[in-house]
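Undergrad: I'd like to go over a predicted model; first the sequence, then the structure.
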Amino acid sequence: MSGKTPAIIPRTGKPEHTPAWQVELAQAVRSGDELLHLLDIQPDQLNIRPLTGDFPLRVPRGFVRRMSRGDPYDPLLLQVLPVHEETEAPGGYHMDPLREADDMPVPGLLHKYHGRALLTVTGACAVHCRYCFRRHFSYTDANPAQGQWAQVVDYLAAHAEIHELILSGGDPLSLTDDRLHRLTGRLGRIEHLQTLRIHTRIPVVLPERIDTGLLDWLAGLTLRTVMVVHCNHPNEIDDSVARAMQRLAQAGVTLLNQSVLLQGVNDDAGTLARLSERLFAAGILPYYLHQLDRVQGAAHFEVDDARARDLLCALRCRLPGYLVPRLVREVPGERSKQPL
Ligand SMILES: *Cc1c(COP(=O)(O)O)cnc(C)c1O
Ligand code: SF4
């Protein structure tokens with residue numbers, strides 16, 4: 001998220017074979033002009049913000065191919081295109097809306113909720129989502145450096161009540177297989193740790209990442225694995241994503257999804273119902289539907305609570321209970337996400 005080139009290229013300098021997903025990631029679209037050109041949209045149709053700042057446009061080409069050409073209001077495009085509204089600064093929106101910096105016993109490790117701890121392992125993401133609450137997050141301060149990893153493991157080992165470690169970011173799957181192996185290699189020895197959870201948008205935006213290298217890493221884990229992917233609109237799931245999910249399911253990974261409720265993207269009952277159904281068809285159960293975190297630059301995505309509740313009500317009338325996500329908001333200082 002820092003805008004610097006993320007550490008996704010192996011540092012060894014060995015002339016190894018570069019996995020296809022890294023090539024795909026290196027070729028992600030980073031220019032608004034190019035993105036609009038690919039989609040046959042005239043720049044004057046949109047309020048595009050000049051691409052300066054610490055959170056530039058980034059979107060993999062495979063994700064762009066799922067957008068519809070000529071539609072400036074395409075729900076996938078709206079999630080990634082920087083617009084002028086981002087510079088508005090209404091009251092109540094903050095740089096660090098969740099005040100996460102207060103809950104870190106070790107840099108990068110958030111221990112706020114009982115039984116589980118969340119580790120931000122990298123600031124890098126394959127896509128930059130404009131509504132992201134971590135868009136101003138200081139990953140350079142919050143990522144445990146290699147040397148601090150021992151401190152993280154010590155903390156986990158010393159807290160017998162932690163049964164689940166959540167890898168988050170940024171996107172943990174933007175790390176190389178080699179780094180993932182090194183991260184988790186020492187976790188198996190912590191007896192009370194039972195589950196490894198991975199919060200990631202990569203299986204959706206860069207399904208090429210779910211390759212044999214990643215599946216080998218998953219197969220080698222002694223912990224139960226849960227993957228919470230992040231998908232906001234049914235159009236995000238094409239055949240390549242469905243196949244990636246199938247491989248993960250075959251590897252024994254429990255698949256859940258979290259979405260953010262976004263004005264203009266998925267704030268209608270029909271879209272949300274289709275999202276749940278498409279997720280289920282791909283082997284994924286809906287988990288959370290998040291009310292937007294009030295981060296500066298994202299106010300134009302907010303849906304008010306009354307409408308959010310109405311939408312959920314409409315979903316309950318249409319879908320089996322297991323396809324209705326939990327509508328929640330994160331409130332700083334609370335011991336769990338808060339149901340609306
Ligand atoms: C969201 C979150 C979790 C996970 O919460 P669940 O309700 O178990 O999904 C854990 N730790 C932190 C800091 C979180 O923000
Ligand atoms: S929502 Fe997830 S994938 Fe998107 S920018 Fe934020 S951390 Fe990265």
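TA: Yep, it's here. Residues are numbered from 1 along each chain as shown. Ligands and ions are numbered 1, 2, ... in the order given.

Undergrad: ok but residue 85 is inside a helix, no?
TA: Yes - checked against DSSP: H, G, I helix; E, B strand; the rest coil, residue 85 lies within a helix.

Undergrad: now do the helices in the stretch 201-340 of the chain.
TA: 202-205, 212-219, 239-250, 269-281, 305-318 (DSSP state H, counting those that start in this stretch).

Undergrad: closest one to residue 229 among those helices?
TA: For residue 229, the closest of the helices of the stretch 201-340 of the chain is helix 202-205, at 5.2 Å, according to C-beta to C-beta. Backbone N, C-alpha and C define where each C-beta goes, glycine included.

Undergrad: elements contacting that closest one?
TA: Helices and strands touching helix 202-205, as assessed by 3 or more C-beta pairs under 8 Å, 6 or more residues apart in numbering; DSSP states H and E, comprise strand 224-230, helix 239-250.

Undergrad: which residues touch it?
TA: Under the criterion C-beta atoms under 8 Å, 6 or more residues apart in numbering, residues 59-60, 62-63, 126-127, 171, 173-174, 209-210, 227, 229-231, 236-237, 241, 244-245, 248 lie in contact with helix 202-205.

Undergrad: among the residues you listed, which ones lie close to ligand 2?
TA: Among these, the residues within reach of ligand 2 (C-beta under 6 Å from any ligand atom) are 127, 171, 230.

Undergrad: and of the residues you listed, the nearest to residue 88?
TA: Of all these, residue 88 sits closest to residue 127, with 22.8 Å by C-beta to C-beta.

Undergrad: pLDDT score assigned to the closest one?
TA: Residue 127 carries a pLDDT value of 97.

Undergrad: would you mind measuring from the closest residue to it other than its chain neighbours to residue 116?
TA: Spatial nearest neighbour of residue 127, excluding adjacent residues (C-beta to C-beta, 6 or more residues apart in numbering): residue 205 at 4.5 Å. Residue 205 sits at a distance of 25 Å from residue 116 (criterion: C-beta to C-beta, to the nearest Å).

Undergrad: highest average neighbour count across the helices of the stretch 201-340 of the chain?
TA: The highest mean neighbour count among these, using mean count of other C-beta atoms under 10 Å, belongs to helix 202-205: a mean of 28.
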